[in-house]
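A.B. asks: okay, sequence plus prediction incoming.
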Amino acid sequence: MPVKLQGPRRGRMSMTSLIDVIFLLLLFFMLTSTFSKFGEVELMAAGKAAAADDRQKLFVTLGAKDLPLHGQSVDLGRIADLVRSQPQDSRGHLVLISPDAEASSQRLVDLLAALRQVEKLQTVVLG
């Protein structure tokens, strides 16, 4: 009687179910994760003043390309240093920002982020 030395044959494993599981995991992680970090920008709109504010006021006109501080064009990277160098009282500075029609919202956010470095600073966006 002949003896079979060969073991049982293995069938082919189906990859269809594995691909479905990988697709579901990918879909789950894409829907539950956050791809960008959200930040907040504090804005204070101009309104009626309750009392006279005698703080040092700085006027910035925000344009599409230029950024004048009291009429003199400055660089966005240096504006925080220029605001710090202005004379102030114990309550700090009040920066009035007037955006042009051509100024983008990203440029306003960049300006507010640059001014955030200055201590005791309050910003008011006009118009």
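C.D. replies: Sure thing, it's come through.
A.B. asks: hmm, residue 66 is touching residue 73, no?
C.D. replies: Yes: the criterion here is CB atoms under 8 Å, and residue 66 meets it with residue 73 at 5.2 Å. Every residue, glycine included, has its C-beta placed from N, CA and C.
A.B. asks: what about the protein, any weak spots by pLDDT?
C.D. replies: Flagging of the chain using pLDDT under 70 yields the residue ranges 1, 35-54, 89-90.
A.B. asks: mind running it again at 90?
C.D. replies: When residues are selected by pLDDT under 90, those of the chain lie in 1-20, 29-127.
A.B. asks: now stretch 72-91: buried residues?
C.D. replies: Judged by neighbour count using 16 or more other CB atoms under 10 Å, the buried positions of stretch 72-91 are 74, 79, 80, 83, 88.
A.B. asks: which helix is the longest one in the chain?
C.D. replies: Across the chain, the helix with the greatest residue count (assigned by DSSP state H) is helix 16-32.
A.B. asks: what's downstream of that one, the next helix or strand?
C.D. replies: Counting by DSSP states H and E, the next helix or strand C-terminal to helix 16-32 is strand 56-62.
A.B. asks: what's the next helix or strand along the chain from that following strand packed up against?
C.D. replies: Reading on from strand 56-62 to the C-terminus, the next helix or strand found by DSSP H and E is strand 68-69. Contacting strand 68-69 under the criterion 3 or more CB pairs under 8 Å, 6 or more residues apart in numbering; DSSP states H and E are the following elements: strand 56-62, helix 79-85.
A.B. asks: can you list contacts of the last one?
C.D. replies: Applying CB atoms under 8 Å, 6 or more residues apart in numbering, the set of residues contacting helix 79-85 from outside is 58, 60, 67, 69, 74, 93, 95, 111, 114-115, 117-118, 121.
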